[in-house]
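**Q** take this sequence and fold it.
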Amino acid sequence: MDTTDDALARIDTTVAHPARRYNYWLGGKDHFAADRASGDAIAAAMPGVKLMAVENRAFMSRAVRYLAEQGIRQFLDIGTGIPAPNNTHEVAQSVDPASRVVYVDNDPIVLTHARALLTSAPGGMNAYIDGDLRDPGAILSHPDLATTLDMSEPIALLLVAVLHFIREDEHPQEIIDTLTAALPPGSYLVASHATWEFLPAEAIAALTANNQDGRFQARTGTRFAELLSAFDLVEPGITSVAYWHADDVPDPRPSAEEVACYAAVARIR
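**A** Numbering: from 1, shown residues only. Got it, this is the predicted structure:
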């Protein structure tokens with residue numbers, strides 16, 4: 001893994017990065033002018049995007065807690081993002097301090113914060129891998145994965161707000177299949193995915209103009225369901241991040257159209 005100095009040298013502050021932009025929407029402090037400018041441009045076309053970020057983060061926490069309460073004690077969180085309250089290990093280890101978590105991200109600024117992610121509860125264990133979802137083989141073969149997680153026991157794979165950065169020509173289905181095939185019976189997949197299908201044409205045109213590198217790949221609920229079709233969905237199935245197991249969340253809840261992000265938790269067959 002890179003040192004902090006190596007990671008800092010890799011950070012290009014002139015180009016917006018998803019992890020830093022997401023941090024900006026969440027009200028964090030780890031972002032630069034380019035991230036704020038990009039974030040504001042997206043918010044101008046899609047006013048609910050900051051709410052989406054908040055609701056997506058809350059969904060992740062509820063999903064991790066749900067699985068921890070079902071007895072899952074191992075989590076592989078790919079596309080971790082910059083640490084924020086209720087990181088995966090904090091939620092899981094609040095249920096069982098012996099829970100183990102491996103974080104994976106490709107943003108060097110996340111690497112500089114890895115120490116916060118590695119602060120495990122006594123009895124548990126955390127690890128951080130500087131890796132990319134587009135190369136699942138490298139993640140699965142990384143030595144820190146095998147030393148942190150027992151690959152013979154159930155694992156929850158988290159792909160939260162990251163699949164929409166995998167273009168169709170980068171074969172998202174193959175990536176999902178490669179990762180889930182490596183997991184033992186009783187494992188789960190937690191995923192969320194942004195959509196533009198509720199937006200008017202002019203908003204989509206503005207978002208497309210802001211997506212010049214084509215890195216962001218919005219998908220419909222139908223396409224998201226196709227990517228998860230090999231798995232058994234936990235009730236209520238595919239729904240808005242604002243609604244997944246949110247019965248105890250105070251009302252009023254935002255509409256699915258406002259949040260524009262799908263969520264699902266599925267058992268891997």
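
**Q** who does the most centrally placed residue in the chain bridge with?
**A** In the chain, the C-alpha nearest the mean C-alpha coordinate belongs to Val160, at 2.4 Å (C-alpha atoms, centre = their mean). Note on Val160: beta-bridge partners by DSSP bridges are Ser192.

**Q** what do you get for Val104?
**A** Legend: beta-bridge partners of Val104 under DSSP bridges are Ile78, Ile129.

**Q** what separation do you get for it and Leu117?
**A** Separation of Val104 from Leu117 (C-beta to C-beta, to the nearest Å) stands at 11 Å. To be clear about C-beta, it is placed using only N, CA and C from the backbone, and glycine gets the same treatment.

**Q** now the common contact residues for these two.
**A** Here Val104 and Leu117 have 80, 128 as joint contacts, going by C-beta atoms under 8 Å, 6 or more residues apart in numbering.

**Q** correct me, but the residue nearest to the centre of the chain touches Asn56?
**A** Yes: Val160 lies in contact with Asn56 (C-beta atoms under 8 Å); the separation is 6.7 Å.

**Q** overlap in contacts of the two?
**A** Joint contacts of Val160 and Asn56 (C-beta under 8 Å, 6+ apart) are Ser192.

**Q** residues touching the closest residue in space to Ala33 that isn't next to it in sequence, list them.
**A** Closest residue to Ala33 apart from its sequence neighbours, by C-beta to C-beta, 6 or more residues apart in numbering: Thr13 at 7.6 Å. If a contact means C-beta under 8 Å, 6+ apart, then Thr13 has 32-34 as its contacts.

**Q** just those residues now: which is nearest Asp248?
**A** Phe32 (36.9 Å; C-beta to C-beta).

**Q** got a pLDDT number for Leu111?
**A** At Leu111, the pLDDT value in this model is 84.

**Q** cool, and Asp144?
**A** 96.

**Q** now Gly79
**A** For Gly79, the model assigns a pLDDT of 95.

**Q** just the strands from this structure, written as ranges.
**A** 74-78, 100-105, 125-130, 156-160, 188-194, 232-233, 239-240, 261-267 (DSSP state E).

**Q** the fifth one to strand 74-78, inter-axis angle?
**A** Right, strand 188-194. 30 degrees (axes from the mean of the first three to the mean of the last three C-alpha atoms, to 10 degrees).

**Q** what comes into contact with strand 188-194?
**A** With C-beta under 8 Å, 6+ apart as the contact definition, strand 188-194 has outside contacts at 52, 56, 59-60, 63-64, 67, 72, 154-161, 163-164, 176, 180, 216, 218-219, 224, 227-228, 231, 234, 241, 260-268.

**Q** centre of the chain to it, how far?
**A** 7 Å (C-alpha atoms, centre = their mean, to the nearest Å).

**Q** for that strand, buried residues please.
**A** Residues 188-194 are the ones in strand 188-194 that count as buried (16 or more other C-beta atoms under 10 Å).

**Q** including pLDDT, could the residues you listed go into CSV?
**A** Below are those laid out as CSV (pLDDT from 0 to 100):
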residue, pLDDT
Tyr188, 98
Leu189, 98
Val190, 98
Ala191, 98
Ser192, 98
His193, 98
Ala194, 97
